[in-house]
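>>> 3D, please:
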Amino acid sequence: MAAVLLRRLLSSAFDEVYPALPSDVQTAIKSELLVIIQMETQSSMRKKICDIAAELARNLIDEDGNNQWPEGLKFLFDSVSSQNMGLREAALHIFWNFPGIFGNQQQHYLDVIKRMLAQCMQDQEHPSIRTLSARATAAFILANEHNVALFKHFADLLPGFLQAVNDSCYQNDDSVLKSLVEIADTVPKYLRPHLEATLQLSLKLCGDTSLNNMQRQLALEVIVTLSETAAAMLRKHTNIVAQTIPQMLAMMVDLEEDEDWANADELEDDDFDSNAVAGESALDRMACGLGGKLVLPMIKEHIMQMLQNPDWKYRHAGLMALSAIGEGCHQQMEGILNEIVNFVLLFLQDPHPRVRYAACNAVGQMATDFAPSFQKKFHEKVIAALLQTMEDQGNQRVQAHAAAALINFTEDCPKSLLIPYLDNLVKHLHSIMVLKLQEFMQDASDVMQLLLKTQTDFNDMEDDDPQISYMISAWARMCKILGKEFQQYLPVVMGPLMKTASIKPEVALLDTQDMENMSDDDGWEFVNLGDQQSFGIKTAGLEEKSTACQMLVCYAKELKEGFVEYTEQVVKLMVPLLKFYFHDGVRVAAAESMPLLLECARVRGPEYLTQMWHFMCDALIKAIGTEPDSDVLSEIMHSFAKCIEVMGDGCLNNEHFEELGGILKAKLEEHFKNQELRQVKRQDEDYDEQVEESLQDEDENDVYILTKVSDILHSIFSSYKEKVLPWFEQLLPLIVNLICPHRPWPDRQWGLCIFDDVIEHCSPASFKYAEYFLRSMLQYVCDNSPEVRQAAAYGLGVMAQFGGDNYRPFCTEALPLLVRVIQSGDSKTKENVNATENCISAVGKIMKFKPDCVNVEEILPHWLSWLPLHEDKEEAVQTFSYLCDLIESNHPIVLGPNNTNLPKIFSIIAEGEMHEAIKHEDPCAKRLANVVRQVQTSGGLWTECLSQLSPEQRAAIHELLNSA
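You can find the predicted model right below:
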């Protein structure tokens, strides 16, 4: 116990305790430890003393890498070559525990370290020495994960290491195998020189049924991990992949008969350590890692044979395998989806309930993986088959899974496709609430009381009791249905909701010894921090906490000012959760809540609103700088931009601007650096088509973050106008770099969007920076990429609308370029139409705001012929407003001699209405309706205009008159 306590003291409070000791006591501790190690005869006790020595050594390496305990190093060298096996074990144990013990002398001792490890790994008489030296080798490699030269130097230790993996497994010790998994995960390139041997060994161990399940699963984990961390390397060993797939499928067949399965509680029944679950998870990960091009052809025949096997376990495994590969083989399966669906639906009528369950699982998974095309193609047969399966009264578990699959299916199903099935769906779901909303409102109170009664007492429930999530989600659905009416129930539901959202997880910092003692403890997950330390978290209640936080977002969104009473307590909960790194969903919900809470708080007046903003602002900015996950980061950035739009001018002080400027600069620099790294990966010897796919995914993630940088700058420019331009200058070189001709089109698109905002919100002062963007903007109107053309055209439009006189000559120069794009033969195709509509709108803005720069009378007839716009709704409003200006001023070219153009104008208005280009509540819709009404009063002209319209266009005109 004393040894354990001393080690913990050194690891957790070294700086407070050790330096305060007199130097003679420090010396005594160091020398006594070495003496005790030499004298201790009991192996387990000696290891504990070695752990203390390693911890002390770790803390006695100074900032420059000097080892302040040279006697410890000398002991290590003497012991490792000692004839005393216990001392050799001790030396290896210390080195395994702290492989950085050589500090800045490591390079000098590299050959000695290698020789020491090699000799110990060849000790045929003492298996424990071989095992320990193999683990120490792995620890050393992992501690030097970025030192590629060291990998090459130590590559010839790999055969001995692999032999130790094999031997230790048959001595019922999986510690070296776990080290191999770590190497595959962190430094897979170390394995490259002996990759074939590594894979063959893993395959052999995985298939050996004399080993225990955990060992076999760990051996499979080596191959599966490599499919994720070194996919390109593994794809060159197709023979191994082809042999691994049957092993995974064989594991999935390893199921036990269970008489009570059909009606058992599913939540408690799944054995997450079983071979079947491990095999399924491995297959899913390998398909995603290696891609469907390789995996699907290898697995397809195996699955087909399994589905025809008379043994239900094989049919079950075949269907579960089909579910598992859907995500990774998405592209390849799409082409044969029809035959797969027809085949799977047959198994919903299989004689064995667990096969029917697996078929439900496959349908539900495909509904998610292939949405929405799956729903559009197969709605008729899938819904009918699932409804029939839901009638399986004798097997509640199959019933429930059929219902779950149906919910999956309907989530991404277009509403129009579902309508014909609603009656049948409702009947099967035994719903009694097919009522009009008004009737439902009368019953809502009873429904809520029932929900609250079911809840009984949250205080008696465990944090991860599934009832909590069900109840919280049920309340949120009620909130969405009832809208503002739900406000009356907040006093009852907010207490339990806040309690669940406030769950604090149990965490611990552990060394390897502690972790091994706890690893069997249910519900703990560990993250390796290196240096033989791990961070542990008990995951109970995390999902419930995330659900509760998402529901608070739902309430704020639906109830708006009706939620104001709770904004203070919710914001105090949510702001610290921006740093809740145990669960991404919690951080996303925290970020999403911020702008919504500000909207809720508006009704309390500007002082309350400002106080709330001050409470969240610093935390949001810091989160943008520190958030490690790109998906969560994009949400935080988006929310921050929304908050600035709510708060407006003056919401950021100088310190905020300084910190934010540094963070955005770093994000842009990281964007360019990541692009360079991807180019380096394209030169790698393992580069192939699938690597390119993953690089494209990385690129899309980076571009998405770039769009959020643009969002933040947009919100700042629109709030602060030209006052913010001096601050923006620190980012200017990076934004200019984005629009260089050699950059990928998304960079140029978003760089232009940022300069569009500069022109729109900071003019005429923006002209000071015109030399950086104007030539590019004119050039990019004719770019090959429609997205770049659109951004450039929008910029030229706002230049005419908001730019000062300095921009006039450039409006003249822009016009023929815009016209060239509009008159291009493919300008109205699906991919080009948005860019073209922005060009048409820009021409309209030039005529409206800078009429003396162009020949309006010459251009107007052409411009009219290009109308209406209907894809880009914002630009459609701009063009219709200008059209109204021209009609209301009786412009002769627009109306034509004797109003002969009016039928054409009616047709433009009707087409705009049919495409819902303008909302009826928009003032522009009323102006258009008034134009129509004026013509309506002059009988003959009205009849002539209507006679030239199609029936659909006439109906659209009447709809406009009735609504606007």
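>>> Show me what the top helix by length along the chain packs onto, helices and strands only.
Of all the segments assigned as helix in the chain under DSSP state H, the longest by residue count is helix 689-720. Where contact means 3 or more Cβ pairs under 8 Å, 6 or more residues apart in numbering; DSSP states H and E, helix 689-720 is packed against helix 231-235, helix 292-307, helix 630-647, helix 654-681, helix 745-762. C-betas here are computed from N, CA, C, even on glycine.
>>> Name the residues that touch the second one?
So that's helix 292-307. Contacts to helix 292-307, defined as Cβ atoms under 8 Å, 6 or more residues apart in numbering, come from residues 235, 238, 241-242, 245-246, 249, 253, 283, 286-287, 314-315, 317-319, 321-322, 325, 328-333, 343, 347, 689-690.
>>> let's see it at 7 Å
Residues outside helix 292-307 that contact it (Cβ atoms under 7 Å, 6 or more residues apart in numbering) are 235, 238, 241-242, 245-246, 249, 286-287, 314-315, 317-318, 321-322, 325, 328-333.
>>> thinking again about what came up before, now for the helices and strands packed on helix 689-720, which one comes closest to residue 718?
helix 745-762 (5.2 Å; Cβ to Cβ).
>>> so the closest one versus helix 654-681, what angle?
160 degrees (axes from the mean of the first three to the mean of the last three Cα atoms, to 10 degrees).
>>> Please indicate which of the contacts of helix 292-307 are buried?
For these, a burial check counting by 16 or more other Cβ atoms under 10 Å picks out 235, 241, 245, 249, 286-287, 314-315, 317-318, 321-322, 325, 328-330, 332-333.
>>> out of the helices and strands packed on helix 689-720, deepest packed?
helix 745-762 (a mean of 24; mean count of other Cβ atoms under 10 Å).
>>> That helix packs against which elements?
Using 3 or more Cβ pairs under 7 Å, 6 or more residues apart in numbering; DSSP states H and E, the elements in contact with helix 745-762 are helix 689-720, helix 732-738, helix 770-780, helix 786-802.
>>> Point out the most buried one among these.
Among the helices and strands packed on helix 745-762, highest average neighbours (mean count of other Cβ under 10 Å) belong to helix 786-802, with a mean of 26.
>>> tell me which residues in the following helix or strand past that one are buried?
Beyond helix 786-802 in the direction of the C-terminus, DSSP states H and E gives the next helix or strand as helix 808-822. Buried residues in helix 808-822, counted by 16+ other Cβ under 10 Å: 808, 810, 811, 814, 815, 817, 818, 819, 821, 822.
>>> picking that back up, mark which of the buried ones among the contacts of helix 292-307 are part of helices, please.
235, 241, 245, 249, 286-287, 314-315, 317-318, 321-322, 325, 330, 332-333.
>>> Can you name the two of these that sit furthest apart?
Top of the distance list for these (Cβ to Cβ): 235 and 315, 30.4 Å.
>>> re the thing from before, minimum distance to residue 159: which of the helices and strands packed on helix 745-762 has it?
Proximity to residue 159 (Cβ to Cβ) singles out helix 689-720 among the helices and strands packed on helix 745-762, at 28.2 Å.
>>> mind listing the strands for this structure?
Applying DSSP state E to the chain gives strands spanning 507-511, 524-530, 533-538.
>>> which residue sits closest to residue 191 in space, ignoring its chain neighbours?
Spatial nearest neighbour of residue 191, chain neighbours left out: residue 198 (5.0 Å); criterion: Cβ to Cβ, 6 or more residues apart in numbering.
>>> how close does the one you found sit to residue 192?
Separation of residue 198 from residue 192 (Cβ to Cβ, to the nearest Å) stands at 9 Å.
>>> Look at residue 221 and say how many residues are nearby.
Neighbours of residue 221 under the rule other Cβ atoms under 10 Å: 22.
>>> Would you check how far apart it and residue 248 are?
For residue 221, the distance to residue 248 (Cβ to Cβ) stands at 11 Å.
>>> circling back: from memory the residue nearest to residue 191 sits against residue 165, does it?
No - using Cβ atoms under 7 Å, residue 198 is not in contact with residue 165, being 8.8 Å away.
>>> burial of residue 24, as a residue count?
8.
>>> Adding mean pLDDT and distance to residue 67, write the helices and strands packed on helix 689-720 out as a markdown table.
As requested, these are arranged in a markdown table below (pLDDT from 0 to 100; distance: least, Cβ to Cβ, whole Å):
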| stretch | mean pLDDT | distance to residue 67 |
| --- | --- | --- |
| helix 231-235 | 92 | 36 |
| helix 292-307 | 94 | 48 |
| helix 630-647 | 96 | 39 |
| helix 654-681 | 96 | 34 |
| helix 745-762 | 97 | 48 |
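>>> Include distance to residue 933 when you put the ones you listed into CSV, please.
Putting the helices and strands packed on helix 689-720 into CSV (distance: least, Cβ to Cβ, whole Å) gives the following:
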stretch, distance to residue 933
helix 231-235, 66
helix 292-307, 59
helix 630-647, 37
helix 654-681, 51
helix 745-762, 34
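>>> And the closest residue in space to residue 114 that isn't next to it in sequence, how close does it get to residue 147?
Nearest non-adjacent residue to residue 114, counting by Cβ to Cβ, 6+ apart: residue 154, 6.1 Å away. Distance of residue 154 to residue 147, given as Cβ to Cβ: 10 Å.
>>> which one of the two has more residues nearby?
More crowded of residue 154 and residue 147, by other Cβ under 10 Å: residue 154, with 21 against 15.
>>> can you give me the mean pLDDT across stretch 259-278?
The predicted model assigns stretch 259-278 a mean pLDDT of 69.
>>> Can you check which of the helices and strands packed on helix 745-762 gets nearest to residue 946?
So among those, helix 786-802 is nearest, using Cβ to Cβ, at 33.6 Å.
>>> domain ranges for this protein?
Using the TED database, the domain parsing of the chain gives 1-98, 107-236, 238-255+270-334, 343-457, 468-503+547-626, 506-540, 867-963.
>>> Going by mean pLDDT, which of these comes out lowest?
Lowest mean pLDDT of those: domain 506-540, a mean of 68.
>>> can you give me the helices for the stretch 151-300 of the chain?
Assigned helices in the stretch 151-300 of the chain, in chain order: 158-169, 175-186, 195-207, 213-229, 231-235, 238-252, 266-269, 275-290, 292-307 (criterion: DSSP state H, counting those that start in this stretch).
>>> Quick one: the ones you listed as CSV, columns for distance to residue 720 too.
As requested, the helices of the stretch 151-300 of the chain are arranged in CSV below (distance: least, Cβ to Cβ, whole Å):
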stretch, distance to residue 720
helix 158-169, 59
helix 175-186, 45
helix 195-207, 56
helix 213-229, 45
helix 231-235, 46
helix 238-252, 56
helix 266-269, 52
helix 275-290, 44
helix 292-307, 49
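>>> wait, which of the ones you listed is closest to residue 658?
Comparing the helices of the stretch 151-300 of the chain by Cβ to Cβ, helix 175-186 comes nearest, at 37.0 Å.
>>> which residues touch that closest one?
Counting by Cβ under 7 Å, 6+ apart, 131, 134-135, 138, 141-142, 145, 164-165, 168-169, 190-191, 215, 218-219, 221-222, 225-226, 229 sit against helix 175-186.
>>> are any of the residues you listed buried, and which?
The neighbour-count test (16+ other Cβ under 10 Å) marks 131, 134-135, 138, 141-142, 164-165, 168-169, 190-191, 215, 218-219, 221-222, 225-226, 229 as buried among those.
>>> nearest spatial neighbour of residue 64, skipping sequence neighbours?
Counting by Cβ to Cβ, 6+ apart, the nearest residue to residue 64 once its immediate chain neighbours are dropped is residue 104, at 6.6 Å.
>>> Give me the neighbour count for that neighbour.
Close neighbours of residue 104, defined as other Cβ under 10 Å, add up to 12.
>>> cool, the one 5 residues further on as well?
Number of residues near residue 109 (other Cβ under 10 Å) recorded here: 16.
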